[in-house]
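> Everything below, folded, please.
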Amino acid sequence: MLVQDELLENIRKAKQGDESAKSVIFTENAPLLKSIIRRFTGKGIEYDDLYQIACIGFLKAINNFDESFGVKFSTYTVPMVIGEIKRYMRDNGAIKVSRTLKILANKINKYIDGYQTENNVPPSVEDIAKRFGITEDEVVVAMDSARMPVSIFDKFDDEEDGAELIDKLSYADGEEKILDKIHISNIISRLDERDRKIIIMRFFRDRTQTEIAESLGVSQVQVSRLENRIIDRIRKEYDE
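All right, here's what the predicted structure looks like:
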């Protein structure tokens, strides 16, 4: 493996167009790229295509890396490559979900939260279908679409020109903290549906543990335990 000084020197040369320096950086970071790509295999896109897209993200990481921030190159690279792959999958891949379906899924989720808070039980598929004037099959399809990987470039409201999740990140925090938040966002996207919902409701929608407990049909104590376990997992993956 390259030591930090050698890596930085090769990055400087690569930015100036030195192809041999780029080749060295690619070779040394090939295991990192492959580990990222493995997360997206089996989702309808060929490995070779994933590798090419990952390389595009990797080149962007090289060209945009600013050593003055004191961020590790690998820390900067991972969200860049993941973001590039997810943008490709969102726009061209097999898991592409239409904007109309995403909006419907968001509305259904909000309705479920409100219904469950008011009635202490979740609505049935039939209830949801009647509420939105659609078939039960359409409800299932919309709810399944909400299980797709979360991207920091997805909309977090129902408007066509609404803000993206990345807009939630404060640029006043500085480059390093922004990168940290992007990294954390990618970790959150890999949580299962319930854990991801808890984190989003707790830290993005400012819900209390009691409100989340009512929404999920569990006790506040259980939500507290789940929240601590999820945060511990995020911290562990962040430090790896």
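
> right, and the helix or strand after the helix or strand bottoming out on mean pLDDT in the chain?
The least trusted helix or strand in the chain, going by mean pLDDT, DSSP states H and E, turns out to be helix 175-189, with a mean of 59. Tracing the chain past helix 175-189, the next element assigned as helix or strand by DSSP states H and E is helix 193-199.

> Could I have the CA atoms of that next one written out in PDB?
What follows is the C-alpha trace of helix 193-199 in PDB, where atoms were taken according to Å, rounded to 0.1, in the frame of the first residue of the first chain:
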ATOM      1  CA  GLU A 193     -36.600  -0.600   6.500                       C
ATOM      2  CA  ARG A 194     -37.600  -0.400  10.200                       C
ATOM      3  CA  ASP A 195     -34.200   0.900  11.300                       C
ATOM      4  CA  ARG A 196     -34.000   3.400   8.500                       C
ATOM      5  CA  LYS A 197     -37.500   4.700   9.300                       C
ATOM      6  CA  ILE A 198     -36.600   5.100  13.000                       C
ATOM      7  CA  ILE A 199     -33.500   7.200  12.200                       C
END
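
> how much distance is there from it to the middle of the chain?
The gap between where helix 193-199 is centred and where its chain is centred comes out at 13 Å by C-alpha atoms, centre = their mean, to the nearest Å.

> on contacts alone, who are the packing partners of that helix?
On a contact count with 3 or more C-beta pairs under 8 Å, 6 or more residues apart in numbering; DSSP states H and E, helix 193-199 meets helix 175-189, helix 209-216, helix 220-239. (Each C-beta comes from the backbone N, C-alpha and C, glycine too.)

> Which parts of the protein are helices?
4-15, 19-38, 47-64, 73-92, 99-119, 125-132, 136-145, 175-189, 193-199, 209-216, 220-239 (DSSP state H).

> export the ones you listed to a markdown table and tack on mean neighbour count?
Formatted as a markdown table, the entries for the helices of the chain read as follows, by neighbours: other C-beta atoms under 10 Å:
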| stretch | mean neighbour count |
| --- | --- |
| helix 4-15 | 16 |
| helix 19-38 | 15 |
| helix 47-64 | 16 |
| helix 73-92 | 19 |
| helix 99-119 | 15 |
| helix 125-132 | 15 |
| helix 136-145 | 16 |
| helix 175-189 | 18 |
| helix 193-199 | 16 |
| helix 209-216 | 18 |
| helix 220-239 | 14 |
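
> between these, which gets the lowest average pLDDT?
Note on these: helix 175-189 shows the lowest mean pLDDT, a mean of 59.

> quick one, domains of this protein?
Following automatic domain parsing, one finds the domains of the chain at 4-92, 191-240.

> looking at these, which is closest to Asn120?
When the domains of the chain are ranked by proximity to Asn120, the top entry is domain 191-240, at 6.7 Å, counting by C-beta to C-beta.

> if I look at Glu237, how far off is Arg39?
12 Å (C-beta to C-beta, to the nearest Å).

> just to revisit the earlier point, could you say which one of the domains of the chain comes nearest to Gln116?
Scanning these with C-beta to C-beta as the criterion, the closest one proves to be domain 191-240, at 5.1 Å.

> just how off-centre is that closest one within its chain?
Its chain's C-alpha centre lies 16 Å from the corresponding centre of domain 191-240 when counted by C-alpha atoms, centre = their mean.

> Repeat that for stretch 121-131.
Distance, stretch centre to chain centre, for stretch 121-131: 28 Å (C-alpha atoms, centre = their mean).

> what's the answer for stretch 116-125, then?
Stretch 116-125 has its C-alpha centroid displaced from the chain centroid by 28 Å (C-alpha atoms, centre = their mean).

> again, but for stretch 106-115
In terms of C-alpha atoms, centre = their mean, the gap separating the centre of stretch 106-115 from the centre of its chain is 21 Å.

> Next: stretch 127-145.
Centroid displacement of stretch 127-145 relative to its chain, using C-alpha atoms, centre = their mean, is 25 Å.
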